[in-house]
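Trainee: Model the following, please.
(chains A and B)
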Amino acid sequence: MNRSVDLQAVLAGERRALARALSEVENDSLAGRELQDALFPHSGRAHMVGVTGSPGAGKSSLVNRLAFQIRKQGQRVGILAVDPSSPFTGGAILGDRVRMHTIAGDAGVFIRSMATRGTLGGLARKTAAMAQVLDAAGYEMILIETVGAGQSEVDIACLAHTTIVVEAPGMGDDIQAIKAGILEIADILVVNKADHPLVEMTRRALQSNLELAHPQQIGTLERMHHHTLAFNPIVLEEDTEIKKDDWFPPILSTVSTKGTGVEAVVQAIRDHREYLQRSGQWRQREGARLQEELNELILEHFASQWRIGMNADQIALVVKGLLAREYSPQQAVAKLIAGGGAFTKTV
Amino acid sequence: MDRKIRVLIAKPGLDGHDRGAKLIARTLRDAGMEVIYTGLRQSPEMITTAALQEDVDVIGLSILSGAHMGLVPRILERMKAEGLNDVLVFVGGIIPEEDMPVLLAMGVTAVYGPGTTTQQVVEDIRRYVLETAKD
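Mentor: Numbering: from 1, shown residues only, chains lettered A, B, ... in the order given. From the prediction side, this is the model:
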């Protein structure tokens, strides 16, 4: 089967070519890598919006309604919906389309489901690259739905310009709300299922948490890079003029199965974009995202170089020594690196 | 490179019995495939659009209403119009013996009636996808 992809067709937004291009990029094939290089100059136009929150909070239903609303305003919408792969078999059930029936027949919406394929953090390794493909294909708004997130699946904050955290009422008390993690990355908070009796309590817990957080809000870059500090965050020279007006994340209520309150969420997304551009944060976030991509590619490069130099027998030998408590894992690594991948048993 | 078999499991038509579809979805997941599950009452247009966007290798249709002779040709037609020539179509459900050869002649790759083992479906999908990839 010939799986070659026509670059011009992708740029023209031809759906079949786009679907193929996404597969090649997702599979990290040679063709996929070449496509990414060729498409990169055409990317950087789309507004990337992340939607995250715990399983069952209503992410897919909200994405469905957001896309419907954005389409009414004339923009084309790309959707990447991530669900987990099984850690045992590598298989996955990708079920987000079940909730996206309102937009299923719209030619201006492109929905793609993807499995995490072993990546933690709420996204798949190739989510950012695939978002870039949709961007280059002319989708103006890209909604990225993470896996059902717990407390630390915060990678989306680095990929998206705008991060929406969806909460459902009754999911925990105010101690949950003041823990570090997912609430910190929210640019917009949505309390979904707002026809539920506990909705006011949840809103109040979120509200008081935000009021605590916001006078001394820490910098965006620091916030996004806490988990991968391969390099210090860059400072683009023209960014010294950034206005420091804070964005205070709005708390909005929706009933996404009915579409209630969704217009206000779309308005908040637009307001946030306007804020990002006015304050210089748009460019700052782009820079942070590209830097993160660079970090990952560098780590990947060295890791694969390293794997080529190692053989399975050597690793097995090292593990035997660890099992016998002859040396610690740290000592083993130091030894391996000093020996350029070769390992002698005397530590 | 990590090439996964991607399968769309869809229920066209109006019957609401999705246990079979969910069982197959789960089985294929356990066989290491990525299964896009679209749920009940999917129109031929919705199924074709989903298959196109998700770039699947296989579409699995579960039909228990008896409407297969009406639904399947419409789906195959839409697929042809969208250029999905290399996507395999599997049909499972309550399919009378005499309809099976007719469906196969239309271009369906395999038809499964009651009593099919899940293992056989897994093996068939692997084999046919491999064959298609060689073409």
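
Trainee: Can you pull out the low-pLDDT segments for the stretch 151-300 of chain A?
Mentor: A:151, A:171-181, A:213-245 (pLDDT under 70).

Trainee: near chain A, which residues of chain B show up?
Mentor: For chain B, the residues in contact with chain A (CB under 8 Å from any CB of the partner chain) are B:1-4, B:25-26, B:28-39, B:43, B:45-46, B:49-50, B:52-55, B:82-84, B:86, B:132-135. No exception for glycine: its C-beta is placed from N, CA and C like everyone else's.

Trainee: Quick one: list the elements packing against the lengthiest helix in chain A.
Mentor: Looking across chain A with DSSP state H, the single longest helix is helix A:281-309. Applying 3 or more CB pairs under 8 Å, 6 or more residues apart in numbering or on different chains; DSSP states H and E, one finds that helix A:281-309 contacts helix A:156-159, helix A:220-224, helix A:262-279.

Trainee: Get me the contact residues on the stretch 101-250 of chain A for chain B.
Mentor: Within reach of chain B by CB under 8 Å from any CB, the stretch 101-250 of chain A has these residues: A:101, A:104-105, A:110-113, A:115, A:117.

Trainee: Put the buried members of those into a ChimeraX selection.
Mentor: Here is the ChimeraX command that picks out the buried ones among these, judged by 16 or more other CB atoms under 10 Å in any protein chain shown:
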select /A:101,104,110,111,112,113,115,117
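
Trainee: now the spatially most central residue of chain A: how far from chain B?
Mentor: For chain A, the residue nearest the mean C-alpha position is A:I156 (2.8 Å; CA atoms, centre = their mean). Noted for A:I156: a distance of 21 Å to chain B, by CB to the nearest CB, to the nearest Å.

Trainee: Now do the lengthiest helix in chain B, average pLDDT.
Mentor: Longest helix of chain B, by residue count under DSSP H: helix B:118-134. The pLDDT scores in helix B:118-134 average 90.

Trainee: do the same with stretch A:85-94
Mentor: pLDDT averaged over stretch A:85-94 gives 92.

Trainee: what sits up against it?
Mentor: The contact list for stretch A:85-94, computed with CB atoms under 8 Å, 6 or more residues apart in numbering or on different chains, reads A:81, A:83-84, A:113-118, B:4, B:25-26, B:28-37, B:54.

Trainee: Just the ones of those residues in helices?
Mentor: Per DSSP H, the contacts of stretch A:85-94 map to helices at B:25-26, B:28-30, B:54.

Trainee: Make CSV from the residues you listed and add neighbour count to it.
Mentor: Below are the ones in helices among the contacts of stretch A:85-94 laid out as CSV (neighbours: other CB atoms under 10 Å in any protein chain shown):
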residue, neighbour count
B:A25, 24
B:R26, 16
B:L28, 27
B:R29, 22
B:D30, 15
B:E54, 24
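
Trainee: Next, A:V166: secondary structure please.
Mentor: Classification of A:V166 by DSSP: H, G, I helix; E, B strand; the rest coil places it in strand.

Trainee: does it really touch A:G58, like I thought?
Mentor: Yes: here A:V166 reaches A:G58: they are 5.9 Å apart, a contact under CB atoms under 8 Å.

Trainee: Please enumerate the shared neighbours of the two.
Mentor: By CB under 8 Å, 6+ apart, the residues touching both A:V166 and A:G58 are A:N192.

Trainee: So those two - more neighbours on which side?
Mentor: A:V166 (27 against 24; other CB atoms under 10 Å in any protein chain shown).

Trainee: so where do the helices sit in chain A?
Mentor: A:7-11, A:15-26, A:30-39, A:59-72, A:127-136, A:156-159, A:174-178, A:199-213, A:220-224, A:262-279, A:281-309, A:312-323, A:329-338.

Trainee: Turn those helices into TSV, columns for distance to B:P12.
Mentor: Output for the helices of chain A, formatted as TSV (distance: least, CB to CB, whole Å):
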stretch	distance to B:P12
helix A:7-11	29
helix A:15-26	21
helix A:30-39	32
helix A:59-72	20
helix A:127-136	28
helix A:156-159	34
helix A:174-178	42
helix A:199-213	37
helix A:220-224	44
helix A:262-279	29
helix A:281-309	40
helix A:312-323	48
helix A:329-338	54
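
Trainee: Can you check the pLDDT for A:R325?
Mentor: Reading off the model, A:R325 has pLDDT 96.

Trainee: what about it, distance to A:A332?
Mentor: According to CB to CB, to the nearest Å, A:R325 and A:A332 sit 11 Å apart.

Trainee: Between these two, which has more neighbouring residues?
Mentor: A:A332 (18 against 7).

Trainee: ok, the more buried one to A:L323 distance?
Mentor: Distance from A:A332 to A:L323, by CB to CB: 11 Å.

Trainee: Contact partners for the residue lying closest to B:G93 once chain neighbours are set aside?
Mentor: Distance criterion CB to CB, 6 or more residues apart in numbering or on different chains; nearest residue to B:G93, sequence neighbours excluded, is B:I63 at 4.2 Å. By CB under 8 Å, 6+ apart, B:I63 lies in contact with B:11-13, B:15, B:71-72, B:91-95.

Trainee: just the buried members of those residues?
Mentor: By 16+ other CB under 10 Å, the contacts of B:I63 give B:11-13, B:15, B:71-72, B:91-93, B:95 as buried.

Trainee: and the residue in the stretch 151-300 of chain A that chain B sits nearest to, how many neighbours?
Mentor: Closest contact between the stretch 151-300 of chain A and chain B, by CB to the nearest CB, is at A:E300 (13.4 Å). Using other CB under 10 Å, A:E300 is surrounded by 12 other residues.
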